[in-house]
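**Q** need a structure here:
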Amino acid sequence: MPSAPWTAHYPRGVPAEIDPDRYGSIVELFHTSCERFRDKPSFSNMDVVLSFGDLQRRSGEFAAFLRKDLGLAKGDRIALQMPNVLQYPVALFGALRAGLVVVNVNPLYTAPEMEHQFRDSGIAAIVILANFARKLQEVLPALAKSGKPPRVIVTELGDLFPGPKRVLVNAAVRYLKRMVPSFDIPGAIRMRDALDQGQRHGPVPDADLSGEDLAFLQYTGGTTGTPKGAMLTHRNIVSNMEQASAWMSPLFVEGEETVLTPLPLYHIFSLTVNCLLFLKWGALNVLVTNPRDFPGFIKLLGRQRFTVMTVVSTLLNALMSQPGFGRLDFGRVKLSVAGAMALQRTVAERWRSLTGNRLVEGYGLTEASPVVCCNPVDGSDRLGTIGLPLPSTEVRLVGDDGNEVGPGQPGELLVKGPQVMKGYWNRPGETAEVLRGGWLRTGDIAQFDEAGFLRIVDRKKDLILVSGFNVYPNEVEDVVSQHPDVAEVAAIGVPDDKSGEVVKIVVVKRAAGLTADELIEFCRSRLAAYKVPKYVEFSKTELPKTNVGKILRRALR
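**A** Residues are numbered from 1 along each chain as shown. Model (predicted):
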């Protein structure tokens, strides 16, 4: 790899490079872990636990069903549309073992959003939680008109629960067990029936896979436009797991960790880090089905012993305001990892103050499987930065002219490494644009500090241009969020006859008495005049967000 000065700041024991071909596929890594940790717990949800041996057996049954009963072939696409429940890892690894390409779908998508993703990816099958099947019923007739409709596997909450269906009482379960809307999907198969059918076939060999085979069509979040399917190969994902593993290995012990997973596994951050990386380490993965049920989440945090948790800034901010949070004990927690959106300094400082828990920020994007950078986990992290590029990762910062910018200057972040996607599904033009010269153009503006740590300034497309001066919404939001009476804030640009654009902020109050004049005055003492918001709008409801809690500025605009 060419000169990478940031490696001088790597923690002791972290290599500059990894072997992206250590495992030939995700499936090879999966079997390696299942054999090593066969009798240890792998995933738990609502007090039900699957051991690594259970997961290997059940996913094999599902793979046999997909190949023998549905007749699906290597390379066919299968959609998984579920929150964090035990059926997800069974379906995920079953699909990969069958050689299928997994298309993760947000369960909260509307029918039009589902139809776009299903059409674009050309799915042959879908596994969906029954609570969301009514929306699928709306979509299927349109899909049938344009071709063969997908085969449907419907699962209910108790499908993997042992013995007779139990009385389920905790709040997260009540959330999912509320009355399932009625639906009628001819030919739909119940997942537990599918597993029974697969079991009758006996052991079925896994598909023959290579690192260059597609593992996922992972759709971008759509924060800047129509979602596109990033083609992620087995090698892409294995590489990113190896990179993250090398980075975090000084802190974690194989077979002894418990990771708490409130972020949905269908999101690329949680998928690679929580689901796959910690599976490699033989960790117990505790799935949180509905983290927005804060009373239930607080109870879980109080009774579940865990050593690591992944989070986003908005979730932390909301969690710390909940009754009972201050009584929680984080003494056994080694680390919390923040990703998927910018971590606001005030949130990070408050978290560390209240919990005494180390919180590190990383950075990634769907097109990079996703992790590009992360702060060191040895305590040498730098708050307010996204850390250092991971092993075997190259980065450059370039200006609008395509030339590299100097130290301390903002420029678009370009990335090269084995974790970078193959391209966008059925979009050769957009692939060529975003992968120019072999470098992934992230669309994010970043700068290096004097120690080689990177800081994200903002999204290039979110940049606000005030009288020719660049205003980065993250900077404005970081200042406004320091006001004690602000619960949430988003900064956007709005047209202005004199300046071209001016800054507007949309705020959710923490205290009813907060005024626009007070906030503007607060900003005047902390921001240059052209960065100070000219307009303040108060929202009575929380700000619009993506499935993992990233505020959608586009929706506000």
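**Q** Break this protein down into its domains, please.
**A** Split into domains by automatic domain parsing, the chain comes to 1-23+234-461, 26-209, 463-556.
**Q** closest to Ala215 out of those domains?
**A** domain 1-23+234-461 (4.7 Å; CB to CB). Glycine gets a C-beta too; all of them are placed from N, C-alpha and C.
**Q** Who are the contact partners of Val480?
**A** The contact partners of Val480, taken as CB atoms under 8 Å, 6 or more residues apart in numbering, are Val486, Val489, Ala491, Ile505, Val507, Leu519, Phe522, Cys523, Pro533.
**Q** hang on, isn't the first one packed against Leu514?
**A** By that I understand Val486. Yes - assessed by CB atoms under 8 Å, Val486 is found in contact with Leu514 at 7.2 Å.
**Q** what touches both of the two?
**A** With CB under 8 Å, 6+ apart as the test, Val486 and Leu514 both reach Val507.
**Q** Just give me the longest helix of the protein.
**A** helix 234-248 (DSSP state H).
**Q** ok so, going back, mind checking which of the contacts of Val480 land in strands?
**A** Val486, Val489, Ala491, Ile505, Val507 (DSSP state E).
**Q** what does the helix or strand hosting Val103 rub up against?
**A** Assigned by DSSP states H and E, Val103 belongs to strand 101-104. Contact with strand 101-104 is made by 75-80, 92, 95-96, 117, 121, 123, 214-219, 229, 265-268, 271, as judged by CB under 8 Å, 6+ apart.
**Q** What residues of stretch 525-545 count as buried?
**A** Leu527, Tyr530, Lys531, Val532, Pro533, Val536, Ser539, Leu543, Lys545 (16 or more other CB atoms under 10 Å).
**Q** Just the terminal-to-terminal distance for that stretch.
**A** Criterion CA to CA, to the nearest Å; first-to-last residue distance in stretch 525-545 is 29 Å.
**Q** The closest residue to Val434 other than its chain neighbours and Leu397, how far apart?
**A** Spatial nearest neighbour of Val434, excluding adjacent residues (CB to CB, 6 or more residues apart in numbering): Arg441 at 5.3 Å. Per CB to CB, to the nearest Å, Arg441 is found 12 Å from Leu397.
**Q** Repeat that for Leu388.
**A** 14 Å.
**Q** For these two, indicate the residue with more neighbours.
**A** Leu388 (31 against 19; other CB atoms under 10 Å).
**Q** Bridging across strands, which residues link to Met231?
**A** Applying DSSP bridges to Met231 gives these bridge partners: Leu217, Gly423.
**Q** pretty sure it contacts Lys422?
**A** Yes - between Met231 and Lys422 there is a contact at 4.2 Å, judged by CB under 8 Å.
**Q** which residues of the protein score low on pLDDT?
**A** 1-3, 161-180, 221-226, 340-342, 459-460, 467-470, 546-549 (pLDDT under 70).
**Q** circling back: shared neighbours of Arg441 and Leu397, anything?
**A** Counting by CB under 8 Å, 6+ apart, the residues touching both Arg441 and Leu397 are Glu412, Leu414.
**Q** Is Val489 bridged to anything, and to what?
**A** Val507.
**Q** What is the burial count for the closest residue to Leu301 other than its chain neighbours?
**A** Closest residue in space to Leu301, ignoring its immediate chain neighbours: Leu328 at 5.3 Å, by CB to CB, 6+ apart. Residues within reach of Leu328, counting by other CB under 10 Å, total 15.
**Q** again, but for Gly500
**A** Using other CB under 10 Å, Gly500 has 14 neighbouring residues.
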